[in-house]
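Asks: give the three-dimensional model of this entry:
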Amino acid sequence: QVQLVESGGGLVQAGGSLRLSCAASGRTFSSYAMNWFRQAPGKEREFVATISWSGGSTHYAGSVKGRFTISRDNAKNTVYLQMDSLKPEDTAVYYCAARRERYIGYEVDYWGQGIQVTVSS
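Replies: Sure, this is the predicted structure:
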């Protein structure tokens, strides 16, 4: 079992930046690929980014590619989502998720509780 706790959310103006962090419990973190998802009000949860167990492979949704960067620090059991050039349409609850696989993909096995990101225009 892996427990995931997100932090770093909040309110930011359009064009600004935020960095989300996700701290994971357990000794298996370094063998799991990690993902970020988001859910805007009235919309379905959508994929944002994924990173492999080593950090060597990443993949992004088209809507965030070039603006968001996913990274990880296995020594700290933490995955990050650096969000730059934020837009009001990035407003959502952001979720960290873990895959019981080493390589990138969309299916996940564990979820964090989510954290609110609000981008004002």
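
Asks: and the gap between the residue most central in space within the chain and Q82?
Replies: With the centre of the chain defined as its mean C-alpha position, the nearest residue by CA atoms, centre = their mean is W36, 2.8 Å away. Per CB to CB, to the nearest Å, W36 is found 11 Å from Q82. In this view, the C-beta of every residue, glycine as well, is placed from N, C-alpha and C.

Asks: overlap in contacts, the two.
Replies: Residues touching both W36 and Q82 (CB atoms under 8 Å, 6 or more residues apart in numbering): I70.

Asks: and the closest residue to S7 other than its chain neighbours, what are its phi and psi?
Replies: Nearest non-adjacent residue to S7, counting by CB to CB, 6 or more residues apart in numbering: S21, 5.0 Å away. The phi/psi pair for S21 (degrees, to the nearest 10) reads phi -120, psi 150.

Asks: which ones are touching S21?
Replies: Contact analysis of S21 by CB under 8 Å, 6+ apart lists 6-8, 78-80.

Asks: and which of those residues is nearest R27?
Replies: Of all the contacts of S21, R27 sits closest to T78, with 14.1 Å by CB to CB.

Asks: cheers, nothing more for now.
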